[in-house]
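A.B. asks: Turn this into a model:
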Amino acid sequence: MIRMMGVSACLLMLCTATAALDLASSRGPGQGATVSFRESCPTELLIVPTGALVDRQWGIEAGFDRRYELSEFDQFFVAGACRRGPISVAIGLAQMGDADLYREQVIRVLAAGHHGAFSGGLIVSGKQVDITGGYDQLRASAIGLGLSYRHRYVMVGTSLDNLNKPVLYKGAVPDNPVYAGYVEVIGHRTFSFTGRVSFEETKEVQLGLGQRIKLGSYSTFFWGLETRPVEYGAGVELRMGRHLFTYAASYHPTLGLSFTVTLATGGGGSQPTEERFD
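C.D. replies: Below is the predicted model:
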């Protein structure tokens, strides 16, 4: 009975609020919801076009995400990215929930152009929600922009999401635009610091801080923390040839554990090994 009450409460929150049109990030829970510009994965490219891919490079990842031990809303996702000349594209698909109770499906697409150290792109997202009990399908779409600049030691970017203020159903309160800034500072070949600041109307500023530490040629450890809510996280990446395994987890003192498990592969391009998928 308690479990059903918890599920009902979660459903109420999901059905009465417009939903963010986002996919899980393979490193997000353990890295303070920041991104790595130097070694971007496809799910990070769908947040902000970092310019990490070089000509003819590609990457694919698939993963599983659980939020706060609520198995009813587990998310499965797959994302891919590639670049040809000055143009790169990325696409991600995700599904959360149970078809017999509540299910939502998300698609997110990025098309970006690159010129020297600058990158800029258009991000389009769509979401469909299915609720049992005779409800119609609910749909929403969002438009966003992303920009970034890469320097040898400092890389910065920004994302402007929900610019069209999407609504999930008629009469719902629109999602506010979300403005976020990201940074990565390279401290040495073996580590870097990442940061994030996010602004949204009617909400407090959200901050994130992370660090990536290479433990060797085949492994990387990362940690992070974020505010609103305050969560502490950590994770590890293990490289096997051109394949990459990632585990990232975060802990909320009240809501409990969240984690993401991802498998990735890729190839192409001509970057140094530490900045490539292969």
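A.B. asks: Which helix or which strand is home to the nearest residue to residue 174 once chain neighbours are set aside?
C.D. replies: Nearest non-adjacent residue to residue 174, counting by Cβ to Cβ, 6 or more residues apart in numbering: residue 165, 3.9 Å away. The way it works is simple: take the backbone N, C-alpha and C, and place the C-beta from them, glycine included. Residue 165 belongs to no helix or strand when assigned by DSSP states H and E.
A.B. asks: Tell me where the model's unsure across the stretch 101-250 of the chain.
C.D. replies: 133-135 (pLDDT under 70).
A.B. asks: Go again with 80.
C.D. replies: Within the stretch 101-250 of the chain, the stretches with pLDDT under 80 are 101, 131-136, 188-189.
A.B. asks: And the strands in it?
C.D. replies: For the stretch 101-250 of the chain, applying DSSP state E, counting those that start in this stretch gives strands covering 102-115, 118-131, 138-150, 154-161, 178-188, 191-200, 206-214, 219-226, 231-240, 243-252.
A.B. asks: Mean neighbour count and distance to residue 23 for these - can I get that in CSV?
C.D. replies: Formatted as CSV, the strands of the stretch 101-250 of the chain follow (neighbours: other Cβ atoms under 10 Å; distance: least, Cβ to Cβ, whole Å):
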stretch, mean neighbour count, distance to residue 23
strand 102-115, 19, 6
strand 118-131, 19, 9
strand 138-150, 19, 13
strand 154-161, 20, 12
strand 178-188, 17, 15
strand 191-200, 19, 16
strand 206-214, 20, 17
strand 219-226, 20, 17
strand 231-240, 19, 17
strand 243-252, 20, 14
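A.B. asks: isn't the residue nearest to residue 174 right next to residue 173, touching?
C.D. replies: No. Contact criterion Cβ atoms under 8 Å: residue 165 and residue 173 do not qualify, at 9.5 Å.
A.B. asks: how about the strands of the stretch 101-250 of the chain, which one is nearest residue 169?
C.D. replies: Nearest of these to residue 169, taken as Cβ to Cβ: strand 138-150 at 5.0 Å.
A.B. asks: contacting residues for residue 199?
C.D. replies: Going by Cβ atoms under 8 Å, 6 or more residues apart in numbering, residue 199 touches 178-180, 205.
A.B. asks: Perfect, that will be all.
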